[in-house]
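# sequence below, structure please.
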Amino acid sequence: MIEINDINFAYNRNSKNILENISFDIQKNRCIAILGNNGAGKSTLLKCIDRICPVQKGVVFLDKENVFTMSNNVIAQNIAYVPQHNRAISMTVFDMILLGRKPYIKWDATTEDRQIVCDIMHRMKLDDFALRNVSELSGGEMQRVMLARALAQEPKLLMLDEPTSNLDLHNQHEVLQIVKNIALEHNTCVTIVIHDLNLAIRYCDRFIFLKDSQIYSYGGIETMTPENIEAVYRIHVHIIECMGVPVIVPFPDEKVEFDGAGAEAKEPLNES
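As a prediction, this is how the structure comes out:
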């Protein structure tokens, strides 16, 4: 289990906190969606957990062990982070994914390491890309390769920053289903920064809404309500069900306003 306790982060001492008093836990086998407007601190939160951004306050525990005191190698064995943007380098796809085994390799990659890579490539449908140069891949193909490299680490915590941003409709659903299945099969904790609320509600178990540097709401499907979505995104929505699947439908023509006490008031926009 992952525990995030009272995280505060600002980029410098004199600036406003990007994150303030952030506390939540991630259970095994769970996929958590981190939601909020642009600039809410979603990506920064992942970087704080992975020690890329040093926090001013707070601590992260992984199975009761303090992440901030772990060696880099131990962290790499336990936490895998896939950023939103990845730099292409001249290397084959197979070797790129094999880099995910680096925390476990002492002298050279073993037969087991190479088999793990082959299994992941097959699962991600990358078999035909093994000898392709990474620098020749499209954005969507690169995204799948970087996810495969993270999975090769066999992490306890997998953190994905907008993993579907470069993927077409089919691949968005396929990749998220693979991630969900891996979480269930390997007792992995997964956090996903994602903008598509419909993908989030379909493939994630729990949801964190960030607003004004803090957690506005955190919970299961019960927290994915029109009221919470409207409060965070300032757009009116309905949640309907289609063939058993919840679907969030935005209504941008209906203005959402809040009074000083936080109460919601909706007014239709003039259509003149």
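# Ala183 and Ala10, how far apart?
As judged by C-beta to C-beta, to the nearest Å, Ala183 and Ala10 stand 32 Å apart. Every residue, glycine included, has its C-beta placed from N, CA and C.
# more neighbours: which of the two?
Taking other C-beta atoms under 10 Å, Ala183 and Ala10 do not tie; Ala183 has more neighbours (21 against 18).
# confirm that the more buried one sits in a strand.
No - applying DSSP: H, G, I helix; E, B strand; the rest coil, one finds Ala183 to be helix, outside a strand.
# contacts only, for it.
The contact partners of Ala183, by C-beta atoms under 8 Å, 6 or more residues apart in numbering, come to 29-31, 158, 189-190.
# cool, and Ile116?
Applying C-beta under 8 Å, 6+ apart, the residues near Ile116 are 101, 152, 154.
# just to revisit the earlier point, PyMOL command to pick out the buried ones of the contacts of Ala183?
Here is the PyMOL command that selects only those of the contacts of Ala183 that count as buried (16 or more other C-beta atoms under 10 Å):
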select buried, resi 30+31+158+189+190
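# between the contacts of Ala183, which sits nearest Thr69?
Using C-beta to C-beta, Cys189 comes nearest to Thr69 of those, at 19.4 Å.
# distance check, the closest one against Gly39.
In terms of C-beta to C-beta, Cys189 sits 25 Å off from Gly39.
# for Pro83, give me the pLDDT.
What the model reports as pLDDT for Pro83 is 88.
# so how far is Cys48 from it?
14 Å.
# these two: who's more crowded?
Cys48 (24 against 17).
# tell me the first helix or strand C-terminal of the strand or helix carrying the more buried one.
Secondary structure from DSSP states H and E places Cys48 in helix 42-49. For helix 42-49, the following helix or strand on the C-terminal side (DSSP H and E) is strand 57-62.
# find the residue at the geometric middle of this protein.
Centroid-nearest residue in the chain, with C-alpha atoms, centre = their mean: Ile192, separated by 1.8 Å.
# so that one belongs to a strand, correct?
Yes - under three-state DSSP, Ile192 sits within a strand.
# show me the beta-bridge partners of it.
Ala33, Leu160 (DSSP bridges).
# that one: what's it in contact with?
Contacts of Ile192 (C-beta under 8 Å, 6+ apart): 31-34, 159-160, 163, 176, 179, 200, 204.
# which of these lies closest to Ser138?
Nearest member of these to Ser138, counting by C-beta to C-beta, is Pro163, at 15.1 Å.
# those helices in this structure, which residues are they?
42-49, 72-78, 93-98, 111-123, 139-152, 169-186, 197-203, 226-233 (DSSP state H).
# which elements pack onto the third one?
Which is helix 93-98. If you count contacts as 3 or more C-beta pairs under 8 Å, 6 or more residues apart in numbering; DSSP states H and E, helix 93-98 packs onto helix 111-123, helix 139-152.
# can you tell which of these is closest to Ile248?
With C-beta to C-beta as the measure, helix 139-152 is the member of these nearest Ile248 (23.6 Å).
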